[in-house]
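Asker: this one's sequence-less:
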């Protein structure tokens, strides 16, 4: 028998064989059939992950999060405690739609504690959603959002430091972080140059 290369707490219910190496699934979690969990993930206590949810590598899902069918999480994403995801923008009791509304959380994004991500939206690469924010629209890469409804409040580096940009000629602004990453801001879109 080949030894398991991941950890599942004895109280967890895990009905999927698709668990990457070095992942950890803690107490009272429920991962349904069809879930795909990448390597080096940490699924904390009391999380529910519905069928057909895919999580990439190095994903952290803190306590009390439910991820419903239609949610896709890319690599290196952080989801704070009790963040809320939906998969139906017009739910009714006992009304089942042919397809769920899709939500995509792109690489490196962070979702703060208690934030709500309304179905059908994309959170961009390395974007930061503040605690308690209610996301009702798509969030561009490298941006900071908070409030209800969430609004863009600035720009953020991969390392999580806030970015500022100096205006250059022809609508291009350049910025650099103390970590060494360099960025350009062109017509509201942040491009990582390093």
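Answerer: Yep, that arrived. Being a predicted model, the structure only gives us computed values, none of them experimental. Residues are numbered from 1 along each chain as shown.

Asker: Which residues does the helix or strand of the chain with the lowest mean pLDDT contact?
Answerer: Least confident helix or strand of the chain, by mean pLDDT, DSSP states H and E, is strand 166-167 with a mean of 78. Strand 166-167 has contacts (CB atoms under 8 Å, 6 or more residues apart in numbering) with 173, 174, 175. C-betas here are computed from N, CA, C, even on glycine.

Asker: quick one: which of these is most hemmed in?
Answerer: residue 175 (18 neighbours; other CB atoms under 10 Å).

Asker: That residue: what's it in contact with?
Answerer: Residues in contact with residue 175 (CB under 8 Å, 6+ apart) are 155, 163, 164, 165, 166, 182, 183, 184, 185.

Asker: Excluding chain neighbours, what is closest to it?
Answerer: Excluding the flanking residues, the one nearest residue 175 by CB to CB, 6 or more residues apart in numbering is residue 165, at 4.2 Å.

Asker: and if you look at residue 126?
Answerer: Residue 126 sits nearest to residue 108 (CB to CB, 6+ apart), 4.0 Å away.

Asker: tally of neighbours for that neighbour?
Answerer: Based on other CB under 10 Å, the number of other residues close to residue 108 is 21.

Asker: Is it in a helix, a strand, or coil?
Answerer: Three-state call for residue 108 (DSSP: H, G, I helix; E, B strand; the rest coil): coil.

Asker: Name all residues that make contact with it.
Answerer: 74, 75, 76, 77, 125, 126, 158.

Asker: of the contacts of strand 166-167, closest to residue 48?
Answerer: Of all the contacts of strand 166-167, residue 48 sits closest to residue 175, with 39.3 Å by CB to CB.

Asker: helix, strand or coil for that closest one?
Answerer: From three-state DSSP, the assignment for residue 175 is strand.

Asker: For it, give the beta-bridge partners.
Answerer: residue 183 (DSSP bridges).

Asker: Which parts of the chain are helices?
Answerer: For the chain, helices defined by DSSP state H do not occur.

Asker: Quick check: the most centrally placed residue in the chain vs residue 70, distance?
Answerer: Using CA atoms, centre = their mean, the residue of the chain that lies closest to the mean C-alpha position is residue 105, 4.2 Å off. Residue 105 sits 12 Å away from residue 70, going by CB to CB, to the nearest Å.
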